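> Predicted model and sequence below, questions to follow.
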Amino acid sequence: MDRYYNPPSQLITAAQTAENEGLCMHKSGNFSIYDRKLNQVFITPSGFYRAELTLDDIIVTNLAGEILQNKNKRKPSIELMMHIAIYEAREDVSAVVHTHSHYATAFAVRGIAISPVVTEAKFYGEKVELAEYAEAGSLQLTENIKEPIKKADVCLLKNHGVIAVADTIENALLKASYLEDVAKIEAISKML
């Protein structure tokens, strides 16, 4: 195990970085890390300002969604079950980033894929899948992500936002960041 491996600290850093980069605003979006050896999901709390997050705000659950640790008695993200469904669908995934970045979400609203128009698309595998719309936190949303996430490391959630997955939270965040950049470039190029 990497000596710098500290899921709560890494989640806070990723969540704050995502907000600072404009990938999500205020209380939107959520982030998780799955420790497969311990069968523990570390996830950000629901409706909480990222700038105020502390290590004790991070919730720990198992794959059944049962809370194992919740020092500050926060509510886990309403999309906990979607994160768990992704970990169950992809054995190679240990981190999930869910953002509401503007350009990528605009593509999600239109229900169209983001094309690999620049070389940076290679950082997320060039392929972008679309999951059909369902209300945030719903069981239907959990069902809707299962097949698309098997086909790509980044998915658009119709009328909602972006999911990016990877082996580490840093890599998942990087994929979400590159996806937003490629979406912005494609959108601008279509206006020229």
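Looks like it arrived, so ask away.

> which residues does G22 contact?
S101, H102, E180 (Cβ atoms under 8 Å, 6 or more residues apart in numbering). In short, each C-beta sits where N, CA and C put it, glycine included.

> Pull up the per-residue confidence for the last one.
So the one you mean is E180. pLDDT recorded at E180 is 98.

> This protein: helices as residue ranges?
7-20, 80-89, 102-110, 139-146, 148-151, 169-191 (DSSP state H).

> if I look at the nearest residue to V165 once chain neighbours are set aside, how far off is A152?
Residue nearest to V165 in three dimensions, not counting chain neighbours: V93, with 4.4 Å by Cβ to Cβ, 6 or more residues apart in numbering. Taking Cβ to Cβ, to the nearest Å as the measure, V93 falls 12 Å from A152.

> quick one, phi psi at the residue nearest to V165?
Taking degrees, to the nearest 10, you get phi -100, psi 130 for the backbone angles of V93.

> Then E79?
Per degrees, to the nearest 10, the backbone of E79 is at phi -100, psi 20.

> For it, grab the count of nearby residues.
27 (other Cβ atoms under 10 Å).

> Please apply the same query to T99.
Counted with other Cβ under 10 Å, T99 comes out at 29.
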